[in-house]
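Undergrad: Got a predicted model here, sequence first, then my questions.
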Amino acid sequence: MPLFEVMEHTADIGIRSFGATRREAFENAAMGMFSLLCDIDKVEARLTYKVEVEADDIETLLVEWLNELLYLHESEGVLLKKFIVTELSERRIVGRCRGEHIDHKRHKLDADIKAATYYMLRLQQTDRGWKAEVIFDV
Amino acid sequence: MLVPGRVFADRDLVEIAAQEKALEQVCNVACLPGIVTASLAMPDIHWGYGFAIGGVAAFGLDDGIISPGGVGYDIACGVRLIRSSLRIRDVRSRVPDLIRELSRTIPAGVGRGGDVRLNHSEMDQLVAGGVPWLITRGYGWPGDVDAIEDGGVFEGAEPALLSTRARERGFSQSGTLGAGNHFIEVQRVERIFDEDAAAAFGIFEDQLCLMVHSGSRGLGHQICTEYVKKMAGAAARAGIKLPDRQLACAPIKSREGEDYYAAMACAVNFARCNRQVMTHMVRQSFEYIFKSSAENLGLDVVYDISHNMARFEEHEVGGERLKLCVHRKGATRSLPAGHPDVPDIYRASGQPVIVPGDMGTASYLLKGTEKALTESFGSTCHGAGRVLGRMAAKKLIQGHELRTRLEGQGITVIAGRPSTLAEEAPEAYKDIDRVVDVCHNAGLSEKVARLTPLGVIKG
């Protein structure tokens, strides 16, 4: 099973991520999102950021977790590649992510993601674990 | 559905929309409280998130809602057309140099900051004071505001409502183009359809013009992100059942609704200022290449429109004059001669409508009509509208092949990366001529001029 796959949408683009647990599905959704932004194999895990988000329910939490990472990307000028969710409940997520500052010589940025949206948002249990689907505005 | 859905299209265009979920999205919007007359879509309609792109929806002030998703993440994304006194036949050989100079001067692409760095107090003044304030700081000419919607400043902005995060995302991005479908094009006026209107807009055949397509960058994206989240709760509290969570909304007359409008207004002013800063840079680039002053080169703003917005407007509905909150998500205002919101310089001709097309075909300058007021709350199309997804476009087209093809057509292309080119290929868009013809024939706008690209900068 792949960690994530890209979903096509006429104007925008989405990520479908998989995981044995919800935590993993959240982590892989984040990796999928950053893989749309750049080639994450070329990103080094030099810096660590802590992320903490609260929301009314777990699906909202998924969108807000990704939006929090986008905010970090833009405000700190970083690319992220490793995501570890340390705590996940219905209303709260705590995690760490690792990456480095954008270096235009080494990093080719492929997309400008404006936000993770709530459109067709899904977090589902499957036979093999969990599946998350998010559409981004690009 | 509280009202019908109404799509302006020809048979083929509506079939394209039906293959996607765009029509379903038009129906979803028709279910939102307080919607008036119909949930409308322009012929460039395509599948969005929440509202369809190309959608227009008006809501009553007392019982209606305002929805950040109905405006979109790129608040006040729009287009500005700048004219010149130059004829292409005299300067064609200089266009590649001009494009290279523009791409050196104007920051484009992902993760690129601009030269204009704002502090907190300047940010407050910019989002409240809009383009007139920016001009006092030396970015542009006093006359520029006469050719921008609302005189370049949208009322109701409250800087106190800008979150720290929205500010942080905006500080370094004023005067930057961005990426995706945003662009700067050097264009040639290929054909005039309406001599009188063209003369009023300062447009003539073979003229060199420049078009800027950009928005409110990270500042607008952040405002939308924050209010979509806030309004999910607000909608539930107001007892509004949403067919799609991205349609999150709040009553216009609620704390959340009023705060969103005031924050959105900040982003509107930020987007217009962004295009103003780029206009300033465009003038500098022209001066450098043509060794003449921007005034001598006649680099005036024709008009500046925003195609992602919500605003309060008065319209006649069933014989009654009502104040409504009109959402346009990928639609342009189209106002006739004499309308009070048309700037004085165009009061006799009607409002200029700028419709950007794809980078290999054409863009249009149109004028607003009386019929748009009765048919579409004074709205018309905003572009060609996508028909292919980005991945599908990349599978079909190679960026470098497209570059060769465009260069064969005499179009100079500068793009941050080849994949942007492929994603934005002409094949990924509907036929702009057809979209504009549907609007013309339906009376939503009238054709004034067709402009073809000679040079393109893509983010």
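TA: That came through, no problem.

Undergrad: The residue lying closest to residue B:409 once chain neighbours are set aside: how many residues sit nearby?
TA: In this structure, residue B:409 finds its nearest non-sequential neighbour in residue B:360, 6.6 Å apart by C-beta to C-beta, 6 or more residues apart in numbering or on different chains. (C-beta placed from N, C-alpha, C; glycine too.) Look at residue B:360: counted by other C-beta atoms under 10 Å in any protein chain shown, it has 19 neighbours.

Undergrad: contacting residues for residue B:360?
TA: By C-beta atoms under 8 Å, 6 or more residues apart in numbering or on different chains, the contact set of residue B:360 is B:405, B:406, B:409, B:411, B:425, B:426, B:453.

Undergrad: got the end-to-end distance for stretch B:181-198?
TA: Taking C-alpha to C-alpha, to the nearest Å, the span from the opening residue of stretch B:181-198 to its closing residue is 27 Å.

Undergrad: element containing residue B:309?
TA: Assigned by DSSP states H and E, residue B:309 belongs to strand B:308-317.

Undergrad: Please report how far the closest residue to residue B:145 other than its chain neighbours lies from chain A.
TA: Computed as C-beta to C-beta, 6+ apart, the closest residue to residue B:145 that is not its neighbour in sequence is residue B:152, at 4.1 Å. For residue B:152, the distance to chain A under the criterion C-beta to the nearest C-beta, to the nearest Å works out to 24 Å.

Undergrad: And the residue nearest to residue B:409, its phi and psi?
TA: According to degrees, to the nearest 10, the main-chain angles of residue B:360 amount to phi -110, psi 0.

Undergrad: Same check on the one 4 residues further on?
TA: Main-chain torsions, residue B:364, degrees, to the nearest 10: phi -130, psi 150.

Undergrad: do residue A:50 as well
TA: Here the main-chain torsion angles of residue A:50 (degrees, to the nearest 10) amount to phi -100, psi 140.

Undergrad: check contacts around it.
TA: If you count contacts by C-beta under 8 Å, 6+ apart, residue A:50 has them with A:94, A:95, A:96.

Undergrad: List buried residues within these.
TA: Buried members of the contacts of residue A:50, scored by 16 or more other C-beta atoms under 10 Å in any protein chain shown, are A:94, A:95.

Undergrad: Show me which of the contacts of residue A:50 is closest to residue B:206.
TA: Within the contacts of residue A:50, distances to residue B:206 taken as C-beta to C-beta reach their minimum at residue A:95, with 58.5 Å.

Undergrad: what mean pLDDT would you report for the helix or strand that contains the closest one?
TA: Assigned by DSSP H and E, residue A:95 falls within strand A:92-101. Strand A:92-101 comes out with an average pLDDT of 98.

Undergrad: Could you see whether chain B lies near it?
TA: No - applying C-beta under 8 Å from any C-beta of the partner chain, one finds strand A:92-101 out of contact with chain B, separated by at least 10.0 Å.

Undergrad: Can you check the pLDDT for residue B:406?
TA: Confidence per residue is given as pLDDT, and for residue B:406 that number is 95.

Undergrad: Helix, strand, or coil at the residue of chain B found nearest chain A?
TA: Chain B approaches chain A most closely through residue B:49 (3.3 Å), counting by C-beta to the nearest C-beta. In three-state terms, and counting by DSSP: H, G, I helix; E, B strand; the rest coil, residue B:49 is coil.

Undergrad: Repeat that for the one 10 residues further on.
TA: Following three-state DSSP, the label given to residue B:59 is strand.

Undergrad: so it touches residue B:30, yeah?
TA: No - in this structure residue B:59 lies outside contact range of residue B:30 using C-beta atoms under 8 Å: 11.6 Å.

Undergrad: These two - which one has more neighbours?
TA: Each of residue B:59 and residue B:30 has its neighbours counted (other C-beta under 10 Å); residue B:59 has more, 24 against 19.
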